[in-house]
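**Q** I'd like to go over a predicted model; first the sequence, then the structure.
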Amino acid sequence: MELARWLVAFVALTTAIGGLLADYFIPGSGAQHIKNPRWPPHAKFHNAQSILMGFVLGVLSLVLLFQRPHLDSNRLMLSALLASIYWLCIFAAPVFPGTAFSDPEFASTNPRAMGMPAQLFIGLVNIAMLLTAVGLAVFKRA
């Protein structure tokens, strides 16, 4: 169960601080998000909401993982579910009209991984790690 715990913990930590780093602190991507002067205040509000939602989901996931007395498979599954919500929503967001993984003026300079937007790739990797952790917990091999 330890390997499963640490896989979920990695994703939970990424979920907790990833949005804050990418959308606020990293200068290049922060300029495309909450620090973008072309964004209206309401768009920035929703970006801040997303950052905070990721933080809360990640922290709740970590609390469940490291809460005493011991980690059982049910708590690991709940922790993995909490850590997955943010990333699953990234996959679903493009179904809303007018959404895009990046604003048009940044589309040509944003990094892509394996031909896809970086945040989509990161989400796929994180979900794959969570599925691996759940599989390990279910089969009691970690």
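**A** Good, I have the coordinates. Just so it is clear, the structure is predicted and the values come from calculations on it, not from any experiment.

**Q** wasn't F101 part of a strand?
**A** No: using DSSP: H, G, I helix; E, B strand; the rest coil, the assignment for F101 is coil, not a strand.

**Q** just to check, it is in contact with Q119?
**A** Yes: counting by Cβ atoms under 8 Å, F101 does reach Q119; the two are 6.3 Å apart. No exception for glycine: its C-beta is placed from N, CA and C like everyone else's.

**Q** and F101, what's its pLDDT?
**A** Note on F101: pLDDT of 89.

**Q** which residue comes closest to it once chain neighbours are left out?
**A** Spatial nearest neighbour of F101, excluding adjacent residues (Cβ to Cβ, 6 or more residues apart in numbering): P117 at 3.8 Å.

**Q** who's in contact with that neighbour?
**A** F101, S102, N110 (Cβ atoms under 8 Å, 6 or more residues apart in numbering).

**Q** in ChimeraX, select just the buried ones from those residues.
**A** Listed next is the ChimeraX selection for buried residues among the contacts of P117, using 16 or more other Cβ atoms under 10 Å:
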select :101,102
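
**Q** and which of the contacts of P117 is nearest I85?
**A** Distances from I85 to the contacts of P117, taken as Cβ to Cβ, are shortest for F101 (18.7 Å).

**Q** now D72. Its backbone dihedrals?
**A** phi -110, psi 170 (degrees, to the nearest 10).

**Q** what about it, neighbour count?
**A** 10 (other Cβ atoms under 10 Å).

**Q** given the helix or strand bottoming out on mean pLDDT in the chain, what are its sheet partners and their directions?
**A** Among the helices and strands of the chain, strand 112-113 carries the lowest confidence by mean pLDDT, DSSP states H and E, at a mean of 88. Here strand 112-113 has these sheet partners by DSSP bridges: strand 116-117 (antiparallel).
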